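*Asks:* with the sequence up front, the predicted model follows.
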Amino acid sequence: MAGYGRHRTTYDKGGYDALRSEIQMEKSRLWTRNLGRDDRCISFHGKEARFPYLDEDVVSYLNSLDVTELCDMDRPKGDGDKMILRLIAKQLGLDVCTGLVKRAIQFGSRIAKCSDVDRFGSSRKASGTAVHMNSKLTTQSS
């Protein structure tokens, strides 16, 4: 949480109050936007995803924290963002990776953009209601 470029941009424009609102909005649409995309991709290949960080106890704990406990936007990228993950990695002895700037795998690999542009003509038109049909994505009407 609070570790992507858009979070830093939101903070730069409106401080921690704006960042709190942005993260709350992201949490409210996580199930349809992010998990919808992930589920489409994984289930298309006959697999079922597991999301240990979405365990109720983990989510409840993270929701109890203020955004200032998740990040310190006055510190540089790769240090002040995703502080909890960096701390855990350090405690596990994974010092080499604790200072790296993090990227979500679908963005780091560029697969999300390629897939969305190929299927929808734009990386912004895909939604959590899109489904694979005959190797093409379409949108379910609800």
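*Replies:* Okay, I see it.
*Asks:* from here on, contacts and neighbour counts on C-alpha atoms
*Replies:* Fine.
*Asks:* quick one: low-confidence ranges for the chain?
*Replies:* Residue ranges of the chain with pLDDT under 70: 1, 104-142.
*Asks:* what are the boundaries of the helices in it?
*Replies:* Secondary structure of the chain (DSSP state H): helices at 5-29, 34-44, 56-64, 67-70, 83-91, 105-108, 111-120.
*Asks:* of the ones you listed, which is nearest Gly99?
*Replies:* Taking C-alpha to C-alpha, helix 83-91 is the member of these nearest to Gly99, at 7.5 Å.
*Asks:* if we can go back for a sec, dump the helices of the chain into JSON lines; add mean neighbour count and distance to Pro76 as well.
*Replies:* Listed next are those as JSON lines, based on neighbours: other C-alpha atoms under 10 Å; distance: least, C-alpha to C-alpha, whole Å:
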{"stretch": "helix 5-29", "mean neighbour count": "15", "distance to Pro76": "10"}
{"stretch": "helix 34-44", "mean neighbour count": "16", "distance to Pro76": "26"}
{"stretch": "helix 56-64", "mean neighbour count": "11", "distance to Pro76": "22"}
{"stretch": "helix 67-70", "mean neighbour count": "16", "distance to Pro76": "14"}
{"stretch": "helix 83-91", "mean neighbour count": "15", "distance to Pro76": "12"}
{"stretch": "helix 105-108", "mean neighbour count": "11", "distance to Pro76": "19"}
{"stretch": "helix 111-120", "mean neighbour count": "16", "distance to Pro76": "26"}
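*Asks:* what sits against the nearest residue to Met73 once chain neighbours are set aside?
*Replies:* Spatial nearest neighbour of Met73, chain neighbours left out: Gly80 (5.6 Å); criterion: C-alpha to C-alpha, 6 or more residues apart in numbering. Neighbouring residues of Gly80 by C-alpha atoms under 8 Å, 6 or more residues apart in numbering: Cys71, Asp72, Met73, Asp74.
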